[in-house]
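> Quick one: sequence and predicted model below, then my questions.
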Protein chains: 2
Amino acid sequence: MNSKKGIPEKTIERLAMYRRLLSGLKEKGLEHLYSHQLAEFTRNTPAQIRRDLMMTGYVSNARKGYTIGDLVKKIDETLAGSQRQKIALVGIGNLGRAILSYFNNQHSALSIVASFDNDDTKVNRVIAGCRCYHIKDLEAKIKEEGIDLAIITVPGHHAQEVAEKLESAGITGILNFAPVPLKLPDSIYSDRIDITTAIEKVAYFASKIRKEL
Amino acid sequence: MNSKKGIPEKTIERLAMYRRLLSGLKEKGLEHLYSHQLAEFTRNTPAQIRRDLMMTGYVSNARKGYTIGDLVKKIDETLAGSQRQKIALVGIGNLGRAILSYFNNQHSALSIVASFDNDDTKVNRVIAGCRCYHIKDLEAKIKEEGIDLAIITVPGHHAQEVAEKLESAGITGILNFAPVPLKLPDSIYSDRIDITTAIEKVAYFASKIRKEL
DNA sequence: ATCACACTGTTAATTATTTCACATAGAATA
DNA sequence: TATTCTATGTGAAATAATTAACAGTGTGAT
């Protein structure tokens, strides 16, 4: 019904963010809001909000703004056809633990159902509500559970190797926190979050602002 | 000398990434490389590489490709005028610890010199080589140490409050991991990493790929 | 009922980013 | 020295993303 050709990546990111924010507002009892209010919350422009929401196909009733409940439902549909997807997390370091404990507390169509590490002291323990398996069992477990997505939080020098294991296990999407780009076929969607780079970028633009004053 | 008007954000991100990768290659004894080799490593196109490097003002000697050492130096100059900047990290949860222990092992012109939390059991302890102070001492400590940048890894409902404290302490750049956008004046550069949203985006595009097969 | 208003949905314009394409240059070869 | 060859640097073209502008619409006021 919606989306003739394809929704831009940036819009997808923002829709996910709107959804979380809107769910929060709904909890608080708010029922309607205007694009300029959502813009205020999310720190962007009303025009952007309207254009993004347009992609979901939701139609508001002009004078009262968006009905939050319906809008959230529409974003849900847009983002995933509301289908559940299972996630594996590989690498139980601080970062892995942080993601596990944070992410699985969010209600969501997505859940991290298994974690993997090569450290025997972690294997078979339940960490943040999620059992840890040895990485040698990765492929078997992923197929057994029907896991679709993976999060890589291993050190850089292991990331490519892990990615290839995930690939042959049939994973179709990877979020990679290791500081190296992965070589993967186009049949797998992969994105990377590079924390060091992000800090360096902030440093650059902050320093630029200081100089311009 | 370089950069007449301003280097695009995306280019800054990639330059930081090239630098790290190139430093690694130099350690391994490699001295020269071509744009297409760097493109292979970073999973993008030679044209993009050349255009990015062009912004640094570095001129290669055509036939032998880029001299890695010189190129790294040039990227250093471009990214920060090589100036040191101090960073504060606010929020010692799993994520905060992960960032501390990872980031400060990297050599860099940037270092996290202080951390803050409101949990008394953490205050005054040294975590990942970095002393933790109580958040009530935030402003004083930041001014005392001459800290420029901050990383926020507190829960969402505290993020805005922390950001405002940082603002009045004179911070000019913030990297925010909390799942809420911050309201800050334009005199502060702030960027956000939203892990939940990133996972949802991967889920969306992975599911899209699966459907298209 | 009609009017006026404030907000939407969407097209058009603008700006940012990526890719193309090619003239140029410098090393290697003869 | 002249020639060839491959990779660069960069303008120009293409694509992607954001912002502006405005006609249309439904609600509340009169």
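Yep, it's here. Since the model is a prediction, treat every value here as computed from it, not as a measurement.

> drop to CA atoms for contacts and neighbour counts, all remaining ones
OK.

> Stretch A:172-190 close to DNA strand C?
No - Stretch A:172-190 is not in contact with DNA strand C by Cα under 7 Å from any atom of the strand; minimum separation 13.6 Å.

> residue contacts, A:Thr172?
A:Asp148, A:Leu149, A:Ser187, A:Ile188, A:Tyr189, B:Ala206, B:Ser207, B:Ile209, B:Arg210 (Cα atoms under 8 Å, 6 or more residues apart in numbering or on different chains).

> pLDDT below threshold where in chain A?
A:1-5, A:62, A:81-82, A:213 (pLDDT under 70).

> rerun that using 80 as the cut-off
For chain A, applying pLDDT under 80 flags the ranges A:1-5, A:61-63, A:80-82, A:105-108, A:212-213.

> Identify those among the contacts of A:Thr172 that sit within helices.
Among the contacts of A:Thr172, the ones falling in helices (DSSP state H) are B:Ala206, B:Ser207, B:Ile209, B:Arg210.

> which of those residues count as buried?
Using 16 or more other Cα atoms under 10 Å in any protein chain shown as the burial test, these include B:Ala206, B:Ser207, B:Ile209 as buried.

> And for A:Ile112, the neighbour number?
22 (other Cα atoms under 10 Å in any protein chain shown).

> could you point out which element follows the one helix or strand it maps to?
Taking DSSP states H and E as the criterion, A:Ile112 maps to strand A:110-117. From strand A:110-117 onward toward the C-terminus, using DSSP H and E, the following helix or strand is strand A:126-127.

> Direction included, what does the helix or strand following that next one pair up with?
Reading on from strand A:126-127 to the C-terminus, the next helix or strand found by DSSP H and E is strand A:130-134. Using DSSP bridges, the strands paired with strand A:130-134 in its sheet are strand A:110-117 (parallel), strand A:126-127 (antiparallel).

> what sits against the residue of chain A found nearest DNA strand D?
Going by Cα to the nearest atom of the strand, DNA strand D is nearest to A:Pro8 of chain A, at 4.0 Å. Residues near A:Pro8 by Cα under 8 Å, 6+ apart: none.

> which phi and psi does it have?
phi -60, psi 150 (degrees, to the nearest 10).

> Would you mind putting the ones in helices among the contacts of A:Thr172 into JSON lines with distance to chain A alongside?
Listed next are those as JSON lines, based on distance: Cα to the nearest Cα, whole Å:
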{"residue": "B:Ala206", "distance to chain A": "5"}
{"residue": "B:Ser207", "distance to chain A": "7"}
{"residue": "B:Ile209", "distance to chain A": "7"}
{"residue": "B:Arg210", "distance to chain A": "7"}
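
> Closest to A:Asp76 out of those residues?
B:Ser207 (13.7 Å; Cα to Cα).

> I figured the closest one hits A:Ala80, correct?
Yes - using Cα atoms under 8 Å, B:Ser207 is in contact with A:Ala80, at 7.4 Å.

> A:Arg50 - that's part of a helix, no?
Yes - going by DSSP: H, G, I helix; E, B strand; the rest coil, the assignment for A:Arg50 places it inside a helix.

> Tell me, how many residues neighbour it?
15.

> how close does it get to DNA strand C?
Going from A:Arg50 to DNA strand C by Cα to the nearest atom of the strand, to the nearest Å gives 5 Å.

> Who are the contact partners of that residue?
A:Ser35.

> And it, how far from A:Gly65?
11 Å (Cα to Cα, to the nearest Å).

> Find residues that contact each of the two.
Joint contacts of A:Arg50 and A:Gly65 (Cα under 8 Å, 6+ apart) are A:Ser35.

> Show me the domain layout of chain A.
Per automatic domain parsing, the structural domains of chain A span A:9-78, A:85-197.

> TSV for the strands paired with strand A:130-134, including distance to DNA strand C?
Converted to TSV, the strands paired with strand A:130-134 look like this (distance: least, Cα to the nearest atom of the strand, whole Å):
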stretch	distance to DNA strand C
strand A:110-117	27
strand A:126-127	37
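
> Mean neighbour count, those strands: which tops it?
strand A:110-117 (a mean of 23; mean count of other Cα atoms under 10 Å in any protein chain shown).

> So what touches that strand?
Contacts of strand A:110-117 (Cα under 8 Å, 6+ apart): A:84-92, A:100, A:103-104, A:123, A:130-135, A:138, B:200.

> so which of the ones in helices among the contacts of A:Thr172 comes closest to DNA strand C?
Of these, the one sitting nearest to DNA strand C (Cα to the nearest atom of the strand) turns out to be B:Ile209, at 18.5 Å.

> Surely the closest one is in contact with A:Ser187?
Yes - B:Ile209 is in contact with A:Ser187 according to Cα under 8 Å; the separation is 6.8 Å.

> Select only the buried ones of the contacts of strand A:110-117 in ChimeraX?
Here is the ChimeraX selection string for the buried members of those, based on 16+ other Cα under 10 Å:
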select /A:85,86,87,88,89,90,91,92,100,103,104,123,130,131,132,133,134,135,138 /B:200
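
> quick revisit: let's have the buried ones among the ones in helices among the contacts of A:Thr172 in CSV, adding distance to DNA strand C.
Output for those, formatted as CSV (distance: Cα to the nearest atom of the strand, whole Å):
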residue, distance to DNA strand C
B:Ala206, 19
B:Ser207, 22
B:Ile209, 19
